[in-house]
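Colleague: Quick one, fold the following:
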Amino acid sequence: MSQPPRGMVQLVDRLNAGAAWLARWSVLLMLAIGIWNVIGRYLGSAIGVNLSSNGLIEAQWYLFDLIFLLGLGWTLQKDGHVRVDVLQSRWSERRRQRQELRGIFVLLLPFAFGVMAIAIDPALQSWSIGELSPDPGGLPRTWVKSLIPLGFLLLGLQGIAEVLRLIRAPRKDKTEPPTAEETHNRGPAL
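Modeller: Below is the predicted model:
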């Protein structure tokens, strides 16, 4: 009975790892376009030729959106989200796991699937009208609007995978607070 959830967890982990791979390469592309936009602006004004365009500027924005939205689930998978860890550092492992489950059920999943549900209709409308940028030479808006529900779907699925991972985690009845090394390995904390 534990096999299907384990397979589902691995599938979601692979999906988010693939999305993160795409996001990582998008960072390089975004930087290259940004460098060209800066060089093109100054070089173009020096030689009297427009070497940049609204399409290139929007491409930078769209790539940033892709990086952020497709990185949400992977960041959760790697426990890279910033936490306010004032109390958690003193809690036992079991109490931290219970609190993590509560946070996922009460905050993460409703938010992720709520944003996804709200964003689906505008994305579909954008596709139905073939929405374009209002700026001359701009890019279609359909793809970037589709990234919103996709990114939050991946985040919600990763939240479910984390729930399954926490439920399967071995229960430790440690009453003492975690060591400094355990606290350090949990990820960024404020």
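Colleague: now for the protein, which residue lies nearest the mean position of the chain?
Modeller: residue 72 (1.5 Å; C-alpha atoms, centre = their mean).
Colleague: Can you tell me the element that one falls in?
Modeller: helix 54-77 (DSSP states H and E).
Colleague: How about residue 116, nearest residue that isn't a chain neighbour?
Modeller: Distances taken as C-beta to C-beta, 6 or more residues apart in numbering put residue 152 closest to residue 116, at 4.1 Å, once the chain neighbours are dropped. Every C-beta, even on glycine, is put in place using the N, C-alpha and C of the backbone.
Colleague: Which secondary structure element is home to that neighbour?
Modeller: Using DSSP H and E, the element containing residue 152 is helix 142-168.
Colleague: list the contacts for residue 17?
Modeller: 74, 77 (C-beta atoms under 8 Å, 6 or more residues apart in numbering).
Colleague: quick one: it from residue 118, how far?
Modeller: Separation of residue 17 from residue 118 (C-beta to C-beta, to the nearest Å): 27 Å.
Colleague: What sits closest to residue 140 if chain neighbours are left out?
Modeller: Residue nearest to residue 140 in three dimensions, not counting chain neighbours: residue 132, with 5.4 Å by C-beta to C-beta, 6+ apart.
Colleague: re earlier: buried residues of the helix holding residue 152, list them for me.
Modeller: 142, 144-165 (16 or more other C-beta atoms under 10 Å).
Colleague: Which parts of the protein are helices?
Modeller: 3-47, 54-77, 93-103, 109-129, 142-168, 180-185 (DSSP state H).
Colleague: what helices or strands is the fourth one leaning on?
Modeller: For helix 109-129, the packing partners by 3 or more C-beta pairs under 8 Å, 6 or more residues apart in numbering; DSSP states H and E come out as helix 142-168.
Colleague: per-residue confidence averaged over the helix it packs on?
Modeller: For helix 142-168, the mean per-residue pLDDT is 96.
Colleague: Mind giving me the packing neighbours of that helix?
Modeller: Packed next to helix 142-168, using 3+ C-beta pairs under 8 Å, 6+ apart, are helix 3-47, helix 54-77, helix 93-103, helix 109-129.
Colleague: So which helix or strand of this protein has the lowest pLDDT on average?
Modeller: Lowest by mean pLDDT, DSSP states H and E among the helices and strands of the chain is helix 180-185, with a mean of 53.
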